[in-house]
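Visitor: 3D model of this:
(2 chains)
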Amino acid sequence: MNWAFFFEVLIGGLLAGVMYSLVALGFVLIYKASGVFNFAQGSMVFFAALTFVSLTERGMNLWVAMAVTLGVMVVLGIVIERVVLRPLVNQPPITLFMATIGLTFVLEGLSQIVWGSQPHGLELGIPDVPMEWLSKSANINISQFDLFAAGVSGVLVAVLAVFFQKTRIGRALRAVADDHQAALAVGIPLQHIWAIVWAVAGFVALVAGLMWGARNGVQYSLTFVALKALPVLILGGFESIPGAILGGLIIGASEKLAEVYIGPYFGGGIESWFAYVIALLFLLVRPEGLFGEKRIDRV
Amino acid sequence: MSATSAYLSVSNIEVIYDHVILVLKGVSLQVQEGQIVALLGANGAGKTTTLKAISNLLRAERGDVTKGWIEFHGQRIERLTPAELVKRGVVQVMEGRHCFQHLTVEENLLTGAYTRSGGIKEDLEKVYAYFPRLKERRNSQSGYTSGGEQQMTALGRALMARPTMILLDEPSMGLAPQLVEEIFGIVKELNQKEKVSFLLAEQNTHMALKYADYGYILENGRVVMDGRGRSLAENEDVKEFYLGFSSGGRKSFRDVKSYRRRKRWL
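Guide: Next comes the predicted model:
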């Protein structure tokens, strides 16, 4: 067995997995705070990336464009709370889920009406080339861009974890996730909390949109990265930020390894569906995911 | 008793759910400062709805106060959000405890202080002083604590908002008689030491009247009787219908016909 090659595939897979985690994080945030599976997360990623790219193409500085897009995402979060969520307080989760499906179409349509539907290239200034010293010393090719993306995600996760566990707002977010009514009763204003969490999810969508956009180009198919987040969520658990990360790593690594080592027996191309097989098997063993919150049933 | 001198005053409110279901048909009640007032009645009489009308949790359930008004400290409060009411000192402890299951006991208590800042550490210690059991369980997920501990957590969480008025819904639900006694004891203590007024909805009429200064009895969305706690407990009708004994000694349930119940409203 060629170990250098094995590690190259493994590390490449782990880094790709981090990109999945990035998308999964957005789902986790909203699910934690409102118990809603936000179907629109993929289109939020697309919306953010497209807005950013269109601004830079109109000659805006990279950082200014980032700030403006962030602003747009925050406003979007507040508007979603006002228009979509507020009228649906205390409705069953499936109702809210349906509302997010509607939101998906609105966002996809809106972004293409405003910015047009041509694909764009996105250049962040970090080249997608192998690290030279690593390929020379260990004969392993690792993309510089992948490493950068992993670093960004790492920081993002650390910040979010501290935010959720240690701050007053984070505690309130978890309280709302547990019990809307009780949260209302102790004086947590649901509206603010939801606006905050959608704004934060918008921010995460922006980061994911930048990374994925730089990798695959900014086009409509960017919305489908959300589908890749599904197995990650099932593996890691819908409520867990560390779960989203670990789930992403496992999915990314096993997908790439399977493609290389098992793929030939199936005639190749198993990368695109292998993740769902893992998720399916996992559902049988541990439906709440690795770090998901167990339902507490008192008997 | 004039409505203006009352601390909390509910005047002739009507509550409709979903625009069609009329639940409260003109309920009026008053709570004076420092009182414990009991709200009694059978299932579906409107106790919880009355409390939720006051705390404004009603709107989240598609209920609406369509007539009448509610005043706290002489100010109308029926259009405030629950969060604004908590800031003014009115907190509801919901029926069935409603702890945040995945949060620890201590985190549960801290969420109670969401609306304010400063002095939170001291208040936490104060709550632990009233409920030493919670201090022992402070790092357990509250979903895994016992029913009694959850009721204490819910009550402690309400206290963290520094309320002057607690709307307490069925604190005895699902608890052993001994624990019920303990919880009511603490309610009395809070009432006397912390000067918190209570409006208490209860099925357990005997227990509630033992501790309450004043009581209202609801039937079918109307107040059918009210009076001082002691006098209600000695009322013949209350004894018969809510406390389960009557003047004529033991009685077969076959003789208790619904039409024998006197109508007490117009």
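
Visitor: ok, which residues in the stretch 151-266 of chain B are in contact with chain A?
Guide: Contact residues, the stretch 151-266 of chain B versus chain A (Cβ under 8 Å from any Cβ of the partner chain): B:157, B:158, B:160, B:161. Backbone N, C-alpha and C define where each C-beta goes, glycine included.

Visitor: who touches stretch B:117-126?
Guide: For stretch B:117-126, contacts defined as Cβ atoms under 8 Å, 6 or more residues apart in numbering or on different chains pick out B:106, B:109, B:110, B:113, B:159, B:160, B:162.

Visitor: what's near enough to touch the residue of chain A found nearest chain B?
Guide: Residue of chain A nearest chain B, by Cβ to the nearest Cβ: residue A:187 (2.9 Å). Counting by Cβ under 8 Å, 6+ apart, residue A:187 touches B:82, B:83, B:85, B:86, B:87, B:91, B:112, B:114, B:115, B:161.

Visitor: May I have the helix-or-strand element of chain A with minimal mean pLDDT as CSV, with CA atoms only?
Guide: Lowest on mean pLDDT, DSSP states H and E among the helices and strands of chain A sits helix A:132-137, with a mean of 77. Provided in CSV are the C-alpha atoms of helix A:132-137 (Å, rounded to 0.1, in the frame of the first residue of the first chain):
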residue,chain,number,x,y,z
GLU,A,132,5.1,23.1,-2.2
TRP,A,133,7.2,22.1,0.9
LEU,A,134,4.8,19.3,1.7
SER,A,135,4.9,17.8,-1.7
LYS,A,136,8.6,17.9,-1.7
SER,A,137,9.3,16.6,1.8
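
Visitor: pretty sure residue A:39 belongs to a helix, no?
Guide: No. Applying DSSP: H, G, I helix; E, B strand; the rest coil, one finds residue A:39 to be coil, outside a helix.

Visitor: how's chain B carved up into domains?
Guide: Domain assignment for chain B by automatic domain parsing gives B:1-89+B:165-171+B:187-248, B:97-162.

Visitor: got the residue ranges for the helices in chain B?
Guide: Listed in chain order, the helices of chain B (DSSP state H) span residues B:47-55, B:82-88, B:105-111, B:120-130, B:132-136, B:147-159, B:177-193, B:205-211, B:229-234, B:236-238.

Visitor: Determine which of those helices approaches residue A:230 most closely.
Guide: For those, the distance to residue A:230 is smallest for helix B:105-111, at 30.0 Å, taking Cβ to Cβ.

Visitor: Give me the residues contacting that closest one.
Guide: A:168, A:171-172, A:174-175, A:183, A:186, A:188, B:99-100, B:103, B:120, B:124, B:127, B:134, B:137-140, B:142, B:145, B:149, B:153, B:156-157, B:160.

Visitor: Also stretch B:177-196?
Guide: Contacts to stretch B:177-196, defined as Cβ under 8 Å, 6+ apart, come from residues B:33-34, B:36, B:130-131, B:147-148, B:151-152, B:155, B:159, B:163-166, B:168, B:171-172, B:175, B:197-198, B:200, B:204, B:207, B:210-211.

Visitor: Whichever of the contacts of helix B:105-111 end up buried, select them in ChimeraX.
Guide: Those of the contacts of helix B:105-111 that count as buried under 16 or more other Cβ atoms under 10 Å in any protein chain shown are selected in ChimeraX with:
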select /A:171,172,174,175,183,186,188 /B:99,100,103,120,124,127,134,137,138,142,145,149,153,156,157,160
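
Visitor: Write out the residues of the stretch 101-250 of chain A neighbouring chain B.
Guide: A:168, A:171-172, A:174-175, A:177-189.

Visitor: So which of those residues sit within helices?
Guide: Among these, the members falling in helices (DSSP H) are A:168, A:171-172, A:174-175, A:177-178, A:180-185.

Visitor: and the two most separated of those residues?
Guide: Longest distance between any two of those is 20.1 Å, between A:168 and A:181; criterion Cβ to Cβ.

Visitor: Tell me the spacing between the residue lying closest to residue B:35 once chain neighbours are set aside and residue B:157.
Guide: Take residue B:35 and drop its neighbours on the chain: the residue closest to it by Cβ to Cβ, 6 or more residues apart in numbering or on different chains is residue B:213, 4.6 Å away. Remark: distance between residue B:213 and residue B:157 (Cβ to Cβ, to the nearest Å) = 25 Å.

Visitor: Then residue B:28?
Guide: From residue B:28 to residue B:157 the distance is 30 Å (Cβ to Cβ).

Visitor: Tell me where the stretch 1-150 of chain A has helices.
Guide: Under the criterion DSSP state H, counting those that start in this stretch, helices of the stretch 1-150 of chain A are mapped to A:3-34, A:41-57, A:62-80, A:93-115, A:132-137, A:144-166.
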